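Student: 3D, please:
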Amino acid sequence: MKELVIPERIKKIIAKFHENKAEIYIVGGAVRDLILGREVNDWDFTTNLTPEEMKKLFPKNSFYNNTFGTLSIVEKDGEIFEVTTFRTERGYSDGRHPDEIKWGKTLAEDLERRDFTINALALRLAQGKLELVDLFEGQRDLENKLIRTVGNPDERFGEDALRLMRAVRIAGQIDFNIEEKTLESIKKNAYLIKNIAGERIRDELFKILLASTPSLGINLLKESGLLAEIMPELINGIGMSQKGHHIDDVWTHNLKTLDNCQSNNPVTRLAALLHDVGKPKSMRDDGKEKTFHNHEVYGSRIAVEIGKRLRLSNKELDQLFRLVRWHMFTVQETQTDKAVRRFIRNVTPDYIDEMIAMRRADRLGSGAKETSWRWELFKERIVEVQKQPFAVKDLKVNGLDVMEILGIKPGPKIGEVLNSIFKEVEEKPELNDRDILLEKIKNYLPKADF
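Tutor: Down below sits the predicted model:
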């Protein structure tokens, strides 16, 4: 193993414990990522001190939740480091949380309760050098690129069913395989994921989707049986062939689209995965070829159902719906500004960039070129059209002008006039000139009787 290096800010925290004759170790994903040469985003520690004892070391910049014995140290730049007391856990009646937590006396007690061997590694700093503590052959599993549970996999997954998703997520993120017995246990216990709250599943799924090659994790979800529990609608696309420009079945196309999606928005990546989820339900076969008319309509409804199970926020559900519902837009040089505006309204300006990212991914996922001159022209027109009046509020006149010129009080007549004028401006944006519109309002004055 190459020599590991930790930042000075981490050494200072460790030194504070050592000054007070306490044990402290770097643990979990930080150790794993250091060994793999990956960037460490979360530094976690474990110690023999209780939370109350730790608090005395950091009286002004720390807080803790005594239920789990974790002290959070807040640095001046806002970075938070978590230090947890050695602990043992007993009983998991809800399949998620331990019924009883007790402070442990040794590092070994703490490590043996952890999920996977590659997460049960610890580092101690002794005389300026880092020493690896490996009680469960985690380093060997890192070298062999394996995810394996600490101890009996059925027991580990029975304690916390979210570990089923976590195994797949970590494997997908770092391109590891799941050890045979561990994978068999995931398949056997996949049904337990239904005991986990949708938002916890969502959090793990989002991490899978944001991996550099997210299809690795999604394929593992399928292979392990977890996908059938959390998103069974996707499985219906396996083996469903497509005609025309598509070279893959629906399932493979969805995965390729996901892998080609450059957006870092997890909802957009979820939309990329689900964009054709409505094809199995909309499929018609006349004996010559399969058709999928209105699959985007079916798909948007299915996507929202999935999103609700995952406890997406209303805003996230809206984004997911719009990206799936309107992904089948046409791109032609003959399109009018009105048609482009209609597209923008459907997608909303908030999600235009996300839709463009998904459309690019869809093209590449279909085996097409990344772009075309028509597609580039359409993107330019999206920008230009948004400079034009987009709604009644964009008119250079308002309700006060209507009331003053027509001599009327607030009422529905004002909206009728403005909407009528806007229709003209929508067809000819150059009419959105205040003097011109003031004259147009006069056309709505009552006609004199002779």
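Student: From Leu123, how far out is the closest residue to Thr117 other than its chain neighbours?
Tutor: Excluding the flanking residues, the one nearest Thr117 by CB to CB, 6 or more residues apart in numbering is Gly138, at 4.0 Å. Yep, even glycine has a C-beta here, placed from its N, CA and C like the rest. Counting by CB to CB, to the nearest Å, the separation of Gly138 from Leu123 is 12 Å.
Student: Glu426 now?
Tutor: For Glu426, the distance to Leu123 - CB to CB - is 65 Å.
Student: Ok, Arg374 next?
Tutor: 56 Å.
Student: Just want to know which of those two has more residues nearby.
Tutor: Leu123 (20 against 13; other CB atoms under 10 Å).
Student: what about that one, which SS state?
Tutor: strand (DSSP: H, G, I helix; E, B strand; the rest coil).
Student: and the residue nearest to Thr117, how many neighbours?
Tutor: 26.
Student: What does the pLDDT read for it?
Tutor: For Gly138, the model assigns a pLDDT of 95.
Student: same deal with Gly407?
Tutor: 87.
Student: do Lys387 as well
Tutor: Listed pLDDT for Lys387 reads 66.
Student: Tell me which other helices or strands the helix or strand hosting Leu164 touches.
Tutor: Per DSSP states H and E, Leu164 falls inside helix 162-174. Contacts defined by 3 or more CB pairs under 8 Å, 6 or more residues apart in numbering; DSSP states H and E place helix 162-174 against strand 146-147, helix 153-159, strand 177-178, helix 180-189, helix 198-209, helix 215-224, helix 226-230.
Student: now Leu34: how far from Thr70?
Tutor: For Leu34 relative to Thr70 (CB to CB), the value is 21 Å.
Student: Of these two, which one has the most company?
Tutor: With neighbours defined as other CB under 10 Å, Leu34 and Thr70 compare such that Leu34 has more, 22 against 19.
Student: neighbours around the residue nearest to Ser300 when sequence neighbours are not counted, how many?
Tutor: Leaving aside its sequence neighbours, Ser300 sits nearest to Arg325 (CB to CB, 6+ apart; 3.6 Å). By the criterion of other CB under 10 Å, Arg325 has 20 neighbours.
Student: Val297 is in contact with Arg325, correct?
Tutor: Yes. With contacts counted by CB atoms under 8 Å, Arg325 reaches Val297, the gap being 6.9 Å.
Student: Please, where are all the strands along this protein?
Tutor: For the chain, the strands defined by DSSP state E occupy 24-27, 44-47, 62-65, 70-74, 80-85, 87-90, 100-103, 122-126, 129-133, 146-147, 177-178, 284-285, 290-291.
Student: Any chance of JSON lines for these, columns mean pLDDT?
Tutor: Output for the strands of the chain, formatted as JSON lines (pLDDT from 0 to 100):
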{"stretch": "strand 24-27", "mean pLDDT": "95"}
{"stretch": "strand 44-47", "mean pLDDT": "93"}
{"stretch": "strand 62-65", "mean pLDDT": "82"}
{"stretch": "strand 70-74", "mean pLDDT": "88"}
{"stretch": "strand 80-85", "mean pLDDT": "90"}
{"stretch": "strand 87-90", "mean pLDDT": "68"}
{"stretch": "strand 100-103", "mean pLDDT": "69"}
{"stretch": "strand 122-126", "mean pLDDT": "93"}
{"stretch": "strand 129-133", "mean pLDDT": "92"}
{"stretch": "strand 146-147", "mean pLDDT": "97"}
{"stretch": "strand 177-178", "mean pLDDT": "96"}
{"stretch": "strand 284-285", "mean pLDDT": "74"}
{"stretch": "strand 290-291", "mean pLDDT": "71"}
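Student: Which of those strands has the highest mean neighbour count?
Tutor: Comparing those by mean neighbour count (mean count of other CB atoms under 10 Å), strand 24-27 ranks first with a mean of 24.
Student: hmm, who's touching that one?
Tutor: Residues outside strand 24-27 that contact it (CB atoms under 8 Å, 6 or more residues apart in numbering) are 6, 10, 13-14, 17-18, 34, 43-47, 83, 107, 110-111, 114, 121-124, 133.
Student: what's the answer for stretch 41-56, then?
Tutor: Here stretch 41-56 has contacts from 10, 13-14, 17, 20, 22-30, 33, 57, 62, 64, 66, 69-71, 81-86, 103, 105, 107, 110, 122, using CB under 8 Å, 6+ apart.
Student: then that stretch to CSV, C-alphas only?
Tutor: Listed next in CSV are the C-alpha coordinates belonging to stretch 41-56 (Å, rounded to 0.1, in the frame of the first residue of the first chain):
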residue,chain,number,x,y,z
ASN,A,41,-15.5,14.3,1.0
ASP,A,42,-16.5,13.2,4.5
TRP,A,43,-14.0,12.6,7.3
ASP,A,44,-15.3,10.5,10.1
PHE,A,45,-13.6,9.4,13.3
THR,A,46,-14.2,7.1,16.2
THR,A,47,-12.9,7.4,19.8
ASN,A,48,-13.0,5.9,23.2
LEU,A,49,-14.2,9.2,24.7
THR,A,50,-17.9,9.7,25.5
PRO,A,51,-19.7,12.7,23.8
GLU,A,52,-19.6,14.6,27.1
GLU,A,53,-15.8,14.1,27.3
MET,A,54,-15.4,15.1,23.7
LYS,A,55,-17.4,18.2,24.2
LYS,A,56,-14.9,19.4,26.8
